[in-house]
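[1] coordinates only, sequence not included:
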């Protein structure tokens with residue numbers, strides 16, 4: 001249940017924005033994977049498939065919670081990027097450069113992590129179910145961010 005001072009439709013709307021983000025993230029990972037060249041094919045093919053699968057799973061979990069709250073997910077694909085947190089961007093980096101790909105992914109992770117944290121500050125002790133869901137999503141993205149940072153630290157910077 002949500003607290004009386006926290007409207008379920010507001011929670012559902014915030015969760016829908018995360019739902020949209022996850023669909024955009026899955027589409028981005030698929031698009032980049034489709035364009036990989038050179039060394040990036042060997043380094044990122046499996047990772048990008050995992051990112052897309054994770055994002056689709058997160059979107060399903062968010063959709064379930066939105067439904068529990070009496071809301072509905074964004075159905076118009078043209079609105080996904082507009083509703084997602086952060087800037088309205090969908091950039092395909094140089095798909096032969098693993099550093100460029102991971103750097104862009106890291107920027108998008110920072111956006112969703114900040115969004116999740118802001119949401120948690122809003123619903124803490126007011127909607128335990130949505131809070132628990134987003135804590136789990138935040139944990140996964142924080143782990144992904146640590147992996148991306150480690151990957152960047154392990155690559156020599158271009159000279």
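    Here it is on my side, so go on. The structure presented is a predicted model; accordingly, all values stated were derived computationally and were not measured.
[2] dump the residue contacts of the most centrally placed residue in the chain.
    Residue closest to the mean C-alpha point of the chain, counted by Cα atoms, centre = their mean, is residue 22 at 4.4 Å. By Cβ atoms under 8 Å, 6 or more residues apart in numbering, the contact list for residue 22 reads 55-56, 58-59, 62. All C-beta spots, glycine's among them, are computed from the backbone N, C-alpha and C.
[3] ok, now residue 56?
    22-23, 26 are the contacts of residue 56 under Cβ under 8 Å, 6+ apart.
[4] try residue 70
    By Cβ under 8 Å, 6+ apart, the contact set of residue 70 is 8-9, 12.
[5] quick one: buried residues of the strand or helix carrying residue 47?
    Assigned by DSSP states H and E, residue 47 falls within helix 39-68. Buried residues in helix 39-68, defined by neighbour count with 16 or more other Cβ atoms under 10 Å: 40, 43-44, 47-48, 51-52, 54-56, 58-59, 61-63, 65-66.
[6] Could you name the helices and strands sitting against the helix or strand that that helix is followed by?
    Moving toward the C-terminus from helix 39-68, the next helix or strand (DSSP H and E) is helix 80-83. Packed against helix 80-83 by the contact rule (3 or more Cβ pairs under 8 Å, 6 or more residues apart in numbering; DSSP states H and E) you find helix 8-35.
[7] angle of the helix it packs on against helix 39-68?
    For helix 8-35 against helix 39-68, the angle by axes from the mean of the first three to the mean of the last three Cα atoms, to 10 degrees is 160 degrees.
[8] in helix 8-35, what's buried?
    By neighbour count with 16+ other Cβ under 10 Å, helix 8-35 contains the buried residues 8, 11-12, 14-30, 32-33.
[9] Distance to residue 83 and pLDDT for the contacts of residue 70 - can I get that in CSV?
    Output for the contacts of residue 70, formatted as CSV (distance: Cβ to Cβ, whole Å; pLDDT from 0 to 100):
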residue, distance to residue 83, pLDDT
8, 18, 97
9, 15, 97
12, 12, 98
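[10] which one of these sits closest to residue 93?
    Using Cβ to Cβ, residue 12 comes nearest to residue 93 of the contacts of residue 70, at 32.9 Å.
[11] give me the low-pLDDT residue ranges for this structure?
    Within the chain, the stretches with pLDDT under 70 are 1-4, 155-159.
[12] 50 - rerun?
    Low-confidence segments of the chain, defined by pLDDT under 50, are located at 159.
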